[in-house]
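Trainee: quick one, fold the following:
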Amino acid sequence: MFNLLKEKFRGFIGRVAGVDSEEITTGTKIKGMFSRSIMLSERDIDNILHDFQIDLIENDVAFQTSEVIIEKLRGELLNRDIEKNNIGKFVRDSLRGVLSDILNLEKEIDIIKTIQESKKPFKVIFFGINGSGKTTTIAKFANYLMKNNFSVVLAAGDTFRAGAIEQITKHADSLNIKVISHQKGGDSTAVIYDAIEHAIARNIDVVLADTAGRMQTNVNLMDEMKKICRINKPDLRIFVGDALTGNDAVDQAEKFNKEIGIDAVILTKMDSDAKGGCALSITDITKKPIILMGTGQGYDDLKEFNREWFVDRILG
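Mentor: Model (predicted):
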């Protein structure tokens, strides 16, 4: 997991820590000869930072996010007295601080606590394009909630894609939960509304609503998503993105956030993601937290996203 990005971070640390390498200027080396510490200059690390930014971009870190990382690193590394015997640790700690800062948002979401403290039914609507694993993620999310003692009903709001109603119904049957559906081609807003009414009548804790996979560039279909939210007033709007699509997922999340407004992100296929840059970019650009991540095909393969865990995985 994230092996490619991990290699690039290790390479960056090694290059900066190599104070005897040809990349460190003669002036810096001479000054370091008479001290236990070394002070890196712009000339010492400019090429290293440039190459590192390219590495980041090639590993699914959006250009905008790569700029943020590089500038923060520049501020951490330049004109600091660094013990020569601990340069590697200093660089690693600097990277850890930069990455943690990007992932540390003012508004974090503890989904279990949020539902416990909210009026019932708690309404969650999922957005994302076809192929992102949205419907399967909804089933995993339902399983996750039931294991935390919440009752759940599903809404088959994707009335557009062939087989979508059958897919979510199959998941519901496997999990032994109710799904509210209409005929194919029906009004998605009405389906979700009926699911909410069903939850109210039966005192069900949470409504999880599927929606049709929309390309973020389709204005008419985005307007339909806005209508769903306007009528049904969800408590949480979750964007589901495929981590393997890299910057495409970032672009999708940014557009959905701009047009509809999302509250949180779930990234699927994180177990297969060799790069890892998508998670950094989505958080940085949308300023919305990643709350869960898909790590396999089973219903239990949905894990809480932990900032410290993610940074540890990248830095090794």
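
Trainee: got a list of contacts for stretch 193-205?
Mentor: 115, 120-123, 145, 150-155, 178, 180, 182, 206-207, 209, 231-232 (CB atoms under 8 Å, 6 or more residues apart in numbering). To be clear about C-beta, it is placed using only N, CA and C from the backbone, and glycine gets the same treatment.

Trainee: what about those, which are in helices?
Mentor: Of the positions in the contacts of stretch 193-205, 115, 145, 231-232 sit in helices, assigned by DSSP state H.

Trainee: okay, now the unreliable bits of the protein?
Mentor: 19-37, 106, 214-219, 273-274 (pLDDT under 70).

Trainee: one more pass at 50, please.
Mentor: The chain contains residues with pLDDT under 50 at 20, 26-27, 29-34.

Trainee: domain assignment for it?
Mentor: With domains defined by automatic domain parsing, the chain comprises 3-103, 111-315.

Trainee: could I get the ones you listed as CSV with mean neighbour count?
Mentor: Formatted as CSV, the domains of the chain follow (neighbours: other CB atoms under 10 Å):
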stretch, mean neighbour count
domain 3-103, 16
domain 111-315, 19
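
Trainee: and the strands in the stretch 101-250 of the chain?
Mentor: 122-127, 152-155, 178-180, 206-209, 236-242 (DSSP state E, counting those that start in this stretch).

Trainee: got these as CSV, with distance to residue 315 columns?
Mentor: Listed next are the strands of the stretch 101-250 of the chain as CSV, based on distance: least, CB to CB, whole Å:
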stretch, distance to residue 315
strand 122-127, 32
strand 152-155, 37
strand 178-180, 42
strand 206-209, 35
strand 236-242, 23
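
Trainee: quick check: which of those is nearest to residue 165?
Mentor: strand 178-180 (8.4 Å; CB to CB).

Trainee: who does that closest one pair up with?
Mentor: strand 152-155 (parallel) (DSSP bridges).

Trainee: check the offset of the strand it pairs with from the chain's centre.
Mentor: 24 Å (CA atoms, centre = their mean, to the nearest Å).

Trainee: residues touching that strand, excluding its own?
Mentor: By CB under 8 Å, 6+ apart, the list of residues contacting strand 152-155 reads 121, 138-139, 142, 145-146, 168, 171-172, 177-181, 191-192, 194-196, 198-199, 202, 204-210.

Trainee: apply 6 Å and report the result again.
Mentor: Strand 152-155 is contacted from outside by 142, 145-146, 168, 172, 177-180, 191-192, 195, 198-199, 204, 206-209, using CB atoms under 6 Å, 6 or more residues apart in numbering.

Trainee: wait, residue 84 sits on residue 38?
Mentor: Yes - with contact defined as CB atoms under 6 Å, residue 84 reaches residue 38; the gap is 5.2 Å.

Trainee: list residues touching both of those two?
Mentor: Joint contacts of residue 84 and residue 38 (CB under 6 Å, 6+ apart) do not exist.

Trainee: about what we covered before: from the ones in helices among the contacts of stretch 193-205, which is closest to residue 288?
Mentor: Closest to residue 288, out of all of the ones in helices among the contacts of stretch 193-205 and judged by CB to CB, is residue 115, at 17.8 Å.

Trainee: I'd say that closest one and residue 121 touch.
Mentor: No - assessed by CB under 6 Å, residue 115 is found out of contact with residue 121, at 9.6 Å.
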